[in-house]
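J.: Give me the fold of what follows.
(4 chains)
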Protein chains: 4
Amino acid sequence: MVPFTPYRPPPFDQPPLCDSPPARLEPAPADGIAPERFHATSNFPEYVKLEEYGWTIAPRSRMDAVLVVSAGAVQVVEPRRLQRGDLVVVGRTENGEEGIFVHPDGFDRPETASDKFTFRSRGTRETPFSRSYDELYQILRHDREHGHIVWVLGPAVSFDKDSRNAMQGLIEHGYCHALMAGNALATHDLEAARFGTGLGQDIYTQNLVPLGHYHHLDVINAARAAGSIGAYLRDAGITNGIMHACERKNIAYVLAGSIRDDGPLPGVIGDAYAAQDAMRDHARHATTVIAMATQLHSIAFGNMVPSYRVQADGSVRPVFFFIVDMSEFSADKLANRGSAQAQAILTNAQDFIVNLWNNLKA
Amino acid sequence: MVPFTPYRPPPFDQPPLCDSPPARLEPAPADGIAPERFHATSNFPEYVKLEEYGWTIAPRSRMDAVLVVSAGAVQVVEPRRLQRGDLVVVGRTENGEEGIFVHPDGFDRPETASDKFTFRSRGTRETPFSRSYDELYQILRHDREHGHIVWVLGPAVSFDKDSRNAMQGLIEHGYCHALMAGNALATHDLEAARFGTGLGQDIYTQNLVPLGHYHHLDVINAARAAGSIGAYLRDAGITNGIMHACERKNIAYVLAGSIRDDGPLPGVIGDAYAAQDAMRDHARHATTVIAMATQLHSIAFGNMVPSYRVQADGSVRPVFFFIVDMSEFSADKLANRGSAQAQAILTNAQDFIVNLWNNLKA
Amino acid sequence: MVPFTPYRPPPFDQPPLCDSPPARLEPAPADGIAPERFHATSNFPEYVKLEEYGWTIAPRSRMDAVLVVSAGAVQVVEPRRLQRGDLVVVGRTENGEEGIFVHPDGFDRPETASDKFTFRSRGTRETPFSRSYDELYQILRHDREHGHIVWVLGPAVSFDKDSRNAMQGLIEHGYCHALMAGNALATHDLEAARFGTGLGQDIYTQNLVPLGHYHHLDVINAARAAGSIGAYLRDAGITNGIMHACERKNIAYVLAGSIRDDGPLPGVIGDAYAAQDAMRDHARHATTVIAMATQLHSIAFGNMVPSYRVQADGSVRPVFFFIVDMSEFSADKLANRGSAQAQAILTNAQDFIVNLWNNLKA
Amino acid sequence: MVPFTPYRPPPFDQPPLCDSPPARLEPAPADGIAPERFHATSNFPEYVKLEEYGWTIAPRSRMDAVLVVSAGAVQVVEPRRLQRGDLVVVGRTENGEEGIFVHPDGFDRPETASDKFTFRSRGTRETPFSRSYDELYQILRHDREHGHIVWVLGPAVSFDKDSRNAMQGLIEHGYCHALMAGNALATHDLEAARFGTGLGQDIYTQNLVPLGHYHHLDVINAARAAGSIGAYLRDAGITNGIMHACERKNIAYVLAGSIRDDGPLPGVIGDAYAAQDAMRDHARHATTVIAMATQLHSIAFGNMVPSYRVQADGSVRPVFFFIVDMSEFSADKLANRGSAQAQAILTNAQDFIVNLWNNLKA
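T.: Okay, the predicted model is just below:
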């Protein structure tokens, strides 16, 4: 059984939607420039009424892109990727009156009754997470076979022995179809493999190891000399960890560069927008995303991921987005930046991942 | 094997300590008033050189109390409990020159080498906690039989189904010899037993239940009518939860009242200083303390607990103090208030306790 | 001009409210026990329809109390203060159908239009606070003459020279009609006056002063010997600070004891429920509350304060509640505990108070 | 008078330093690859003993770079910028025994006495900041004429009317010689200029404006069409704000791209390592850095900035680094990543900047 509620499409055969005009289209005036009054997408299901084709869903929406129409299909395109002359949907209403309909309620369960007053209307660290975990286990078991699970990781998961082992286990057992991260996650995972430390601190004993601040620099230097992460894993005889599991299991990973990087490692994408394109390729296919202990990558990927996916048979399913972080601020910030469907689990990434693995490995 | 390093007492037979004068004693000038230049205790091992008896350890120190000498014994007394005429140790040096010696290094392991520069000198949520957990399991298994484990709990643990079950399991299996908490922990644990909610929110589904904001008030009202928590458990037919486990297993608990309380429940100690006295009785015996998701009670109890304990055979063992909280600020605050030996595990109480129970129940 | 929108009372002369039955009353079955199905109050305006008197407002509501009717008046009483036989309003609807009406919208401004999607729906540290400050200046200038301003303070404000001076200035210039705090605020304010430190740290240079950890203990000991805070101020020749300003200006203060206290100072109320009663006396009169850097006292006082006040002429005005804290969690927690009208300003108390004083002193 | 303590150079004429051997040099084996056992720099003053020249200071150090020697001068070079054959200092001791000396204590004041026990050994939001502000005012007044002040800004400062005005004022009055930021700061500053909003929220009233989520997208689209930020400012007739002040006063700014960006604006540097190079040019000249409300840029820039600067006359002065953030974690993280000299002021950026401007504008 699928672990999600079925999708209710909008009532396009009833007024007022059946009477909507077709959407207006205008050509992009130049490469990378949208026409005035362009419609900007959300990550909710977005529908456009096309002259000959009627209401058409944008198959893979995202925050803050535009809709380009061509041959009866609607594509979601980042403005910087527009080409002069592309036909862009214009109009800033979302209720159908300009042929554009945004549908945030397709997966909603019936409302629970509401009092004038309730306690605990805001999610915090005190929110009970037992069911979030149980649902997550169910979703991951389902999507391992029938979906596409994308992990977005900050370096913290590689700083601790048990959590690094747990992440390795999840990858090796099919619970990760793609990994989004930065130079630091890969660097410190390799540092842990090679030296047993993270930024010079033993990942088990917490001891600061003498000359440990050289470890990540030596790893980077050697990996750059080897020419690729794969080559370095072989050269250094590494047989454990997150990067090793990805390489062994042929799991795609995107390492996006940042101004905070040492090195970088070979394979890190230095250009932020090339990195966005590479991440977006995975965002398009994601059915479940777990973003953990990184504000930068979580918000970046959150902006790229639709809240729904049109499947091969035309049916629509939800895309789950879990954010795991220690602070209410990070979860709120993601919501404030447009990823309202993101479900927050406020805890330490180490415990989260160890819990997850304990429950899924059985 | 005991899970701690042996204690190295101070070298009292060597200079300069062998030449220390006896400590000066002065009578308390009035009830609850200390003489000028009174010596204030830390939670480290504190020694006083007594005229006839020589160097004598204060058996159960704590922060910010005074030392009262009587019949060759040194007692650690809160200033407000002094009685006029009590002989109080005076002197504000700690190195023996006034007959007072504070010994913070008795359990230290040999230093690791230090560089001029290291990363990661501060503990944060990114500190690896695998070993902290492993040590904690070992300590708890040891102290279940041979020690006295005290839990200090905020209400959060009762707000979630799995964590409430885990805490109940720990109590029922001998991992809790005393429980320090407030009115809220008990109230919401009983609310969960009676209604399945915490402040009106379902502890599993996260749903806000209609009229749920009455649940804790109804529980309090009924418990007040019943006359005691034990009577209410019987009347309401409650057979699960934290308070039920304590009652069933005869585990002592102290519920300290606060200005934030509804009710209060019967049995809550309204007077803050009477509550301190009740808590202090348990602090004296504690060998391991786990303080979780409460700043108020953690700091209060942290100030009362020695970092060591003199055992029946005269040997000295460490007292472990773990603080589990989400924020660096809480852990730092505890350190800034004098509980420097507290070991922080920065995570959500829910995950912590579930992890713990998963590992100890086997 | 008054700095708030006028109150719109409920439409009691229209259906369905004009047809409401009178509220049911039942006697309290015992001292401190409410009858079943008692109505619990919110801090919104609460109305009860009385047999002979019609719709009657509860003049000073608060969270989680009950309504007692006597001689045509409705009193808001904490359940523990009920006396056997008191006539308590019962019924758990809030829309008039049982003669009880809760009115949360009386001060609302007309809604702004809403999109299906907006960014920034949650208040965080990134929320712009310029207008919050401007409104606060206006309110404080108004309420200095025409209202009752209550401050709820954690100790942090006394740890810094400039912020302590600012608070002193606000009190001396009439911007504080009552002060709610704990033993720590008073202790460290006196420590600053006497030694220039807060817990031994210089409040200007940040230096940790030798033997500084004795300062607060010496202050407490001397104040206890003096018998009162006023006597200690005189004995020690103290002429500055928060407590001095209160004493000099005859500003009432309530110091509520807690299990975290050293001492306590003379005048601190050790019994939590006696302290609640003392605080509630001020909550009843408050027109503006500023709660700063204390979770315990903020939530406690927040639960006691109505969101409105019936003035001498029968008109109803809002009661403002500002919470100043560093963390989203603290503000969310206050909202989750029922003080939804509280307006959060997320910043350091030091800067807040210095800003305030800079703007009000002119 | 200069607002800093004079530098005490290492005692190179005394043993053991006078007996140090010259440092070993090895050629880089390939472009971007360091030789084995390369010496990695800290941001403290670093000295190398050169064969013919004796002890030579590396004029502008930074974290995690290498030392390249050429013609008697020592250059600090990021490993990725090495060219095959560059002569790199090797050796991993720091005390002179391999001709390398790291000198962290050059600006230290004499130690204050230390007790075995002190409270408040950790900096938190409760640390008193009055003096930090006073010193900062002094430093900024000095460095306005005699130094190079670099600001590192997250977008928060542009989300609030008063803080945006304050930052504009600081730039216009000479308190900013270079600005490091990302696409978001510039975008939302321009959004504020054009629409009075930040991500669609009014920067004064906090209201969410209808269709406000289009504002930043429209700004980006129009600026991209205009071709540069300067051109857009002219086209849109903008006469206020942070970017306008920079353009008008000819203040250099570096906008580093990230994977989180919409757009980007013209002028944003998409390649992370090209952005690092641009930032490093300013890091080299910085005498005071204020990094505010951005973890990414603060840590990135913090890693590039020396803790000292060799001035034209050969004398050495400290480089000040202030980090302004809401959370202890951010400040600790910066310290854990090697910027130990950073001084944290834990508060909201809005209040900080308004305070600063109030004091400097006079």
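J.: what kind of secondary structure is the residue nearest in space to the middle of chain A in?
T.: When Cα atoms, centre = their mean is applied to chain A, the residue found nearest the centroid is A:Phe301 (4.2 Å). Three-state assignment for A:Phe301 (DSSP: H, G, I helix; E, B strand; the rest coil): helix.
J.: what pairs with the nearest residue to it once chain neighbours are set aside across the strands?
T.: Nearest residue to A:Phe301 in three dimensions, chain neighbours excluded: A:Val152, at 4.9 Å (Cβ to Cβ, 6 or more residues apart in numbering or on different chains). The way it works is simple: take the backbone N, C-alpha and C, and place the C-beta from them, glycine included. Bridge pairing for A:Val152 (DSSP bridges) gives the partners A:Met180, A:Ala291.
J.: looking at it, A:Val152 is touching A:Ser298, isn't it?
T.: Yes: here A:Val152 lies in contact with A:Ser298, judged by Cβ atoms under 8 Å, at a distance of 5.8 Å.
J.: Need the residues touching each of these two.
T.: Shared contacts of A:Val152 and A:Ser298 (Cβ atoms under 8 Å, 6 or more residues apart in numbering or on different chains): A:291-292.
J.: follow-up on the earlier one: show the contacting residues for the residue nearest to A:Phe301.
T.: A:180-181, A:289-292, A:294, A:297-298, A:301.
J.: again, but for A:Ser20
T.: Residues near A:Ser20 by Cβ under 8 Å, 6+ apart: A:49, A:55, A:96-99, A:101.
J.: Now tell me which helix or strand of chain A has the poorest mean pLDDT.
T.: helix A:328-336 (a mean of 74; mean pLDDT, DSSP states H and E).
J.: how about that helix, does it reach chain C?
T.: Yes: against chain C, helix A:328-336 shows contacts by Cβ under 8 Å from any Cβ of the partner chain at A:328-329, A:332-333, A:335-336.
J.: for that helix, the distance to its chain's centre please.
T.: 15 Å (Cα atoms, centre = their mean, to the nearest Å).
J.: Quick one: work out the angle between that helix and helix C:328-336.
T.: Using axes from the mean of the first three to the mean of the last three Cα atoms, to 10 degrees, the inter-axis angle of helix A:328-336 relative to helix C:328-336 is 80 degrees.
J.: right, and the helix or strand after helix A:328-336?
T.: Per DSSP states H and E, the first helix or strand lying C-terminal to helix A:328-336 is strand A:343-346.
J.: Mind giving me the packing neighbours of that next one?
T.: helix A:130-146, strand A:320-325, helix A:328-336 (3 or more Cβ pairs under 8 Å, 6 or more residues apart in numbering or on different chains; DSSP states H and E).
J.: Excluding chain neighbours, what is closest to A:Phe159?
T.: A:Gly198 (3.8 Å).
J.: Got the phi and psi for the spatially closest residue to A:Arg141 that is not a sequence neighbour?
T.: In space, and not counting its chain neighbours, A:Arg141 is closest to A:Leu360: 7.3 Å by Cβ to Cβ, 6+ apart. Backbone torsions for A:Leu360, taken as degrees, to the nearest 10, come to phi -90, psi -20.
J.: Against D:Pro29, how distant is A:Leu360?
T.: Distance from A:Leu360 to D:Pro29, counting by Cβ to Cβ, to the nearest Å: 45 Å.
J.: Now do the contacts for the residue of the stretch 151-300 of chain A found nearest chain B.
T.: For the stretch 151-300 of chain A, the residue closest to chain B is A:Asp160, as judged by Cβ to the nearest Cβ, at 3.6 Å. By Cβ under 8 Å, 6+ apart, A:Asp160 lies in contact with A:198, A:203, A:350, B:128-130.
J.: Ok, A:Ala245 next?
T.: A:167-168, A:171-172, A:251.
J.: Out of the residues you listed, give me the one that has the most neighbours.
T.: Ranked by the number of neighbours (other Cβ atoms under 10 Å in any protein chain shown), the contacts of A:Ala245 place A:Met167 first, at 29 neighbours.
J.: quick one: contacts of the host helix or strand of it?
T.: Element membership of A:Met167, judged by DSSP H and E, is helix A:161-172. With Cβ under 8 Å, 6+ apart as the test, helix A:161-172 has contacts from A:151, A:153, A:156-158, A:176, A:179, A:189, A:192, A:203-204, A:240-242, A:244-246, A:248-249, A:251, A:349-350, A:353-354, A:356-358, A:360-361, B:128, B:130-131, B:133.
J.: That helix vs helix A:130-146, what angle?
T.: Angle between the axes of helix A:161-172 and helix A:130-146 is 40 degrees (criterion: the same axes, to 10 degrees).
J.: tell me the average confidence for helix A:161-172?
T.: For helix A:161-172, mean pLDDT rounds to 97.
J.: what about A:Glu98, which SS state?
T.: coil.
J.: pLDDT below threshold where in the stretch 201-350 of chain A?
T.: A:337-340 (pLDDT under 70).
J.: residues in it within reach of chain B, list them.
T.: So the stretch 201-350 of chain A meets chain B at A:201-213, A:326-327, A:346-348, A:350 (Cβ under 8 Å from any Cβ).
J.: State the distance from the nearest residue in space to A:Phe329 that is not next to it in sequence to chain B.
T.: On the basis of Cβ to Cβ, 6+ apart, the spatially nearest residue to A:Phe329 that is not a chain neighbour turns out to be C:Glu328, at 5.1 Å. Here C:Glu328 is placed at a distance of 11 Å from chain B (Cβ to the nearest Cβ, to the nearest Å).
J.: Tell me if I'm right that C:Glu328 and A:Ala331 touch.
T.: No: counting by Cβ under 8 Å, C:Glu328 sits too far from A:Ala331 to count as a contact (9.2 Å).
J.: Next to chain D, which bits of the stretch 151-300 of chain A? Give me the list.
T.: Within the stretch 151-300 of chain A, the residues that sit near chain D (Cβ under 8 Å from any Cβ) are A:199, A:211, A:213-214, A:217, A:220-221, A:224-225, A:256-264, A:270-276, A:279, A:295-297, A:299-300.
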